[in-house]
Structure formats: C-alpha cells, structure tokens
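J.: okay, here's the prediction I keep looking at, along with the sequence it came from:
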There are 2 protein chains.
Amino acid sequence: MKRSITIRDVAKQADVSVATVSRVISGKSVVADRTRDRVNAVMERLSFEPSRLGQALALNRHDAFALVLPGLGGPLFAGILDGFENTLAGTGITFHVLVAQNEERFPVQLADLATRVDGMCVFGAYTGDSLISTIAQRMPIVRIAGSPDPATHSINVDNFEAACEITNHLIETHGVRKLLFLGEAAQSPDLQLRYQGFQRALSDAGIDNRDVIFPCSLTQASGLKAASIILRWPDRPEAIVCATDEVAVGTMMACTEAGVSVPRDIKVTGYDDIELASLITPALTTVDQPFHEIGARAAQILLRHTRKAAQAEKPENHQLAIEVIVRHSCGC
Amino acid sequence: MKRSITIRDVAKQADVSVATVSRVISGKSVVADRTRDRVNAVMERLSFEPSRLGQALALNRHDAFALVLPGLGGPLFAGILDGFENTLAGTGITFHVLVAQNEERFPVQLADLATRVDGMCVFGAYTGDSLISTIAQRMPIVRIAGSPDPATHSINVDNFEAACEITNHLIETHGVRKLLFLGEAAQSPDLQLRYQGFQRALSDAGIDNRDVIFPCSLTQASGLKAASIILRWPDRPEAIVCATDEVAVGTMMACTEAGVSVPRDIKVTGYDDIELASLITPALTTVDQPFHEIGARAAQILLRHTRKAAQAEKPENHQLAIEVIVRHSCGC
DNA sequence: TTGAAAGCGGTACCAT
DNA sequence: ATGGTACCGCTTTCAA
C-alpha cells in the first residue's frame, strides 16, 4: 500500500501553497485563472483525489446520511429508497443503508453508523429506540412510521384512519360481520395503528372486537401458511383484513388452493398497494401509501436541518393522507 | 453544536498524556492498572467516545466494508446479507449497503463508497464495471455473480450446469419438447449463464434453441404479466423455465387465472428456492442457491485480505456447486 | 510505564 | 490573490 498523494504533493508540484490548492478544490474562494489552471493540471496529472477523511475531520462533516430499514423485503422500501435517493441526487451527499435484519446486532450497527453520517432516517420501530433518542441529540433524525419521539422529526401516514375505513367498507357495503385481522400488531407502531383502526371499525359497528387477530409475519409465505390454517376452521371468517399486500396475496393463494372463491366465499383486503395488487385476480382492494413521497420528504427534512446553522429548530412532524383503493377482492 | 469532548479533555482530567489515553482505548499497550482505572473512570464520567474520524485518519483504515446489491427485491439478498453480517459480527467491522437502484447515479455512489471502506463485495454486473477494476487496485473487492475480472476475487455458483440440468430433467423425464425461457438474459452474467445452460440442454436434445426466450423482469408482477400473454398463444409451450422463483410464482398465478393446470397442461420451473417455492401448490421445482454461504465467504475473503499485510496475494476464485430441487411443478 | 511531539490529509484564519 | 500555519482528533515512534 503505497502512500497516496496528498494536497501537499500537489502544492509542491504546482509551486503554490496548500491553501491555494484547497481553494481550487473547494472552488469557494477566488483564485487567479492562471494559478487555477496550473493547479488543476497538476491534480489531473497526479490523478489526485482529496481524502474524504481529511476533509471530514477538518470540517467535522461527513456529507452523508443514513437510511435505516427494517429488512430487505417489501417493495415498499424500494419506493422510499428511490424518493430518498432522488432528492439527494446532486446535493453532493450520499447515504448509507442499514438493513436491520438482526435485532441483537442492531444497536452496535446503529451506533457505528452514527459516527459516519450527519443525519439519519429511520423506518419503523426497534428495540433500540432509546439509542435513537440519544443520537438525535447530535444530529437530525427523521422517523418514519416509528415511535413518537419529541427529539426527532417524524413522518407518518394516517394508518388508523385508513384501516378503519377499509374495514368499514367491508362491513357497510358488503354486510360482513365476521372479520379477522391477519398480521403482526406488536412489531411496529405503524402496524399497531392498522390493527387498532380495524378494531375501531368493528366496535363502531357493534361487533365484538376481541380475539380477531391471527398472528402472521409480513410475507407471502406466512400469509399462505396462516390462511390455509384459517380456511380449515369450522366457522371461518367472512373477510380477512391483511396487514400488508404480501400477506393478502399469500392468503389469496391459500384460497385458490383450498377451492375457496374470493370474493364470493371470503373477502380479502391488503395494505400498501404493491404492483402485484392490481394484477392479481381478483384485483386487491388495498390502501395506497405514498412511499416515494415519504422518502423524498425525509431527505428534505434532513437537508434543511443540516444545512442551516439553526440546529435548535423544533422538530417537523408530517402527517400524510392515504387513500383506500377499492378493487374487487372485497366483493365490489 | 457544542464541541464534542476529545481525547485531550480526558487526558487533562485524568492527569495523564493523550498517549496514555490512546493506549487504554486501544488496549494494545501496557498501562499500569491504577492509571488505566483512572482513565477509564474519566472516560466513563465524560461519556467519551473516540472519534472514528480521528482514528480512521491516523490509522488510514475505516473498519468498514461495503455490500453492493442490485436492488432491494428478492429474498435472495436477505440471505447474502445475513451471511455477510454473521461473519462480520464481533470483528469490529461494520458494513454499508449500497442498493444500486439508479443506474445513472451508481458510479458516483460507488466512488463515494470507496472513500469510506476498506473492501467491498459487489453482487451482479453493472455498467460501471471498469470503475470497479479501478477501485480494486486500492482495496480488495469480491464479485459475486459478476463479470470475470482478474483484479478482483470472485464467488460464483455453477449456473450453467444447474440450468442445463433442470431443463434436461424436463426433456428427459417428462418428454417435453417445446420449452420457453422466461426472464432477462442481458442483465447479468449470472442470468446469462442460466439462459445459456437452458439453451445447451435444448441443443443437446436436438431441439431448436433459437427464439426460445421471452423477456421479463425478475418480479412476480412481471412473471404474471408475461405468462398471461404467453398462455394465450395458439401454440403455447409445454414448459416454462423461469429465470427466478419470483417469475415462476407469477407464472403459476397466471396459469390458475387462465384455468391452465400446472403441471398437467404446462410445466413450470423456478430458480433460487425462495421460501414460497415449497409452499405454493404445486410445489416448485427449482434450483437451490447457498446464499448464506456466499455472503459468508465474501466476508471471509475480505477479512483475509485486509487483515494481512500481504496485499498483493492473488485473487481467490470460489465456485460453489448448486442443487436442483425436484418437486411437483415439473410434473413429478 | 509514561510523555512529548510528529504525523494522518485536509481547511481556514490571518497576514502580506 | 496568495502563503504561512494552527488546528480537526487520534496514533505511534522515540526518549526519559
């Protein structure tokens, strides 16, 4: 590993001071045209790249953000990622993705990440939530669909409302009285709200809302497994409200395998509106989430709060409306 | 943003030199017990965390790797990630994930990443392949399922062989003569080999292997869309060999929608053996890939070649065997 | 066992 | 417009 060339090498060869080289690198200060050209030529010839480490240390700035996601699955993350990436493009800021696959190792990974970025965007809830608050004292953090935290910015969609609405549709329009929620409520505040909205719709309609959830992780495979059990129940539900589209698709697969017709024999709804939702037969009634918009806003918030000196501004809290998309799996 | 506490603050309060503080931080040098305790106490009290930037600059080492993935989709990445993460756990090295969603921005992102890590693991092929070779001169890189490159390490599975074998099974065991490959061949060397293995099996059996591919991106949605077109052809194929399980699942959905029975009316095979493959009905005949193992090996190679001084060692090239998993979608 | 001081690769203030 | 130089936070000789 031969020593890499530094700003001092350039200075020497161009016969100027390091200060001047630094100036032409940053382009922020005025340098005589002739001098600039000379320095640029030398940098070119030496194929000099300023060390990010040196810069970062001197400026105490990383020019990097972090995007923390609870897993690789789900097409929804692709949307957030894309929105995030798009608004960061051209700002000179890049970002790291942390995929929190391992709950146990997460705190270490997050702490490490915190030493390498100027701000973070965290999706979902984690056991290390207190750690997040700690980090938030040092840099802006925006939480998407996470636990409320006065120290961080937040972006949330109105899950309670949407879940309530979609459930209501099933009850009011299609006269269903026996419903089941399929998914995990504990996992994140986001999911909890979906379940609570569901429960509220039941109680509003005077339906007993106890014992109406069947646990299931949020994948097609789990949905398939869970639904094939449920379909064998003696008194199977008239409608299954799924926590995500993935679960719903799995559920619908279980139905066709069991020879149960959707929506005639049983109604199914999803949540998220993934690409598959509109393609499957019957097309899935679901809830559209503006993932791209969410990612974009997160990045904007981060930019705002790192660029400005005003570090002490109060947190932004964004609430996004979401829309129920009625297709055919509900009986329509 | 108040100045964070530094090693000098600790030194002053503990009444020792910064050198000594550095020694107790690293734990690599001998320090008198009493002194160490005193310093530790001060660090504790001040809740001092050494600046990674300072360390990195002094040591010229980041203690970080990068994992570059061509997208968020596919459960397969979760396996690689997990293997990678597991072998890195406890080494004090963390890693960044780069999700190459945007082809245009990829070179910038990769170059940026290169300034922040000691080694990278790159999955798949990209337009910026020459950039990768350049970076490989400065740090170890392992390519998974990528273009061959003498400057980098590599891990590959025997896709040609496996694709050939699974196709052969269809031909020999099930007497199929009219086959179609569903997927994208151009996207990566990995996929290309799958298609080439398919073609080889055809020609070995004396079947015309021109015009036997139908383009389709590697998602369920695409598989569903493509298959529903194919199924309407006047002379539909007897078997569809899909580039991935996702495509295969989409294909099977299209079949049930069209009232075409798998495997009676048409045979379908997948590739990757995702969780859903064994759950779906009929269970998918597919190819198992040791993703976890791949991720683990990649990390090991990186560790080996960054820890040792011997930077100039010759690249490692790993070839992993893969196994065809025969279930029912092929007719068995 | 400990300390003083010279880097690591930049930035930016203060002179000139 | 340019140069000299003191940092940024940490590691690591070299001496004591």
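T.: Everything's here; your move. Numbering: from 1, shown residues only, chains lettered A, B, ... in the order given.

J.: what residues does chain A have near DNA strand C?
T.: Chain A comes close to DNA strand C at residues A:3-4, A:6-8, A:17-19, A:22, A:25-26, A:28, A:48-51, A:53-55, A:57-59, as judged by Cβ under 7 Å from any atom of the strand. (Each C-beta comes from the backbone N, C-alpha and C, glycine too.)

J.: just the buried members of the residues you listed?
T.: A:6-7, A:22, A:25, A:48, A:50-51, A:53, A:55, A:57 (16 or more other Cβ atoms under 10 Å in any protein chain shown).

J.: in CSV: those, plus distance to residue B:326, pLDDT and secondary structure.
T.: Shown next, in CSV, are those (distance: Cβ to Cβ, whole Å; pLDDT from 0 to 100; DSSP: H, G, I helix; E, B strand; the rest coil):
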residue, distance to residue B:326, pLDDT, secondary structure
A:6, 60, 96, coil
A:7, 62, 96, helix
A:22, 65, 96, helix
A:25, 61, 95, helix
A:48, 58, 95, coil
A:50, 57, 95, coil
A:51, 55, 95, coil
A:53, 53, 96, helix
A:55, 56, 96, helix
A:57, 58, 96, helix
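
J.: in the residues you listed, find the pair that's most separated.
T.: A:48 and A:57 (18.1 Å; Cβ to Cβ).

J.: how long is stretch A:121-141 from one end to the other?
T.: 6 Å (Cα to Cα, to the nearest Å).

J.: low-confidence stretches in chain A?
T.: A:1-3, A:73-75, A:187, A:308-312 (pLDDT under 70).

J.: let me see the domain layout of it.
T.: Following automatic domain parsing, chain A resolves into domains at A:1-39, A:64-156+A:291-321, A:159-289.

J.: turn the ones you listed into TSV, including distance to chain B.
T.: Below are the domains of chain A laid out as TSV (distance: least, Cβ to the nearest Cβ, whole Å):
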stretch	distance to chain B
domain A:1-39	6
domain A:64-156+A:291-321	4
domain A:159-289	4
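
J.: still on that earlier bit, ok, and of the residues of chain A next to DNA strand C, which contact DNA strand D?
T.: Among the residues of chain A next to DNA strand C, the ones lying near DNA strand D by Cβ under 7 Å from any atom of the strand are A:17-19, A:54, A:57-58.

J.: take the residues you listed and write them to TSV, including secondary structure.
T.: Putting these into TSV (DSSP: H, G, I helix; E, B strand; the rest coil) gives the following:
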residue	secondary structure
A:17	coil
A:18	helix
A:19	helix
A:54	helix
A:57	helix
A:58	helix
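
J.: pick out the most distant pair among those residues.
T.: A:17 and A:57 (20.0 Å).

J.: closest to residue B:322 among the buried ones among the residues of chain A next to DNA strand C?
T.: Nearest member of those to residue B:322, counting by Cβ to Cβ, is residue A:53, at 40.7 Å.

J.: wait, isn't the closest one in contact with residue B:55?
T.: No - the criterion here is Cβ atoms under 8 Å, and residue A:53 misses it with residue B:55 at 9.9 Å.

J.: ok, now which ones touch residue A:160?
T.: A:193-194, A:196-197, A:200 (Cβ atoms under 8 Å, 6 or more residues apart in numbering or on different chains).
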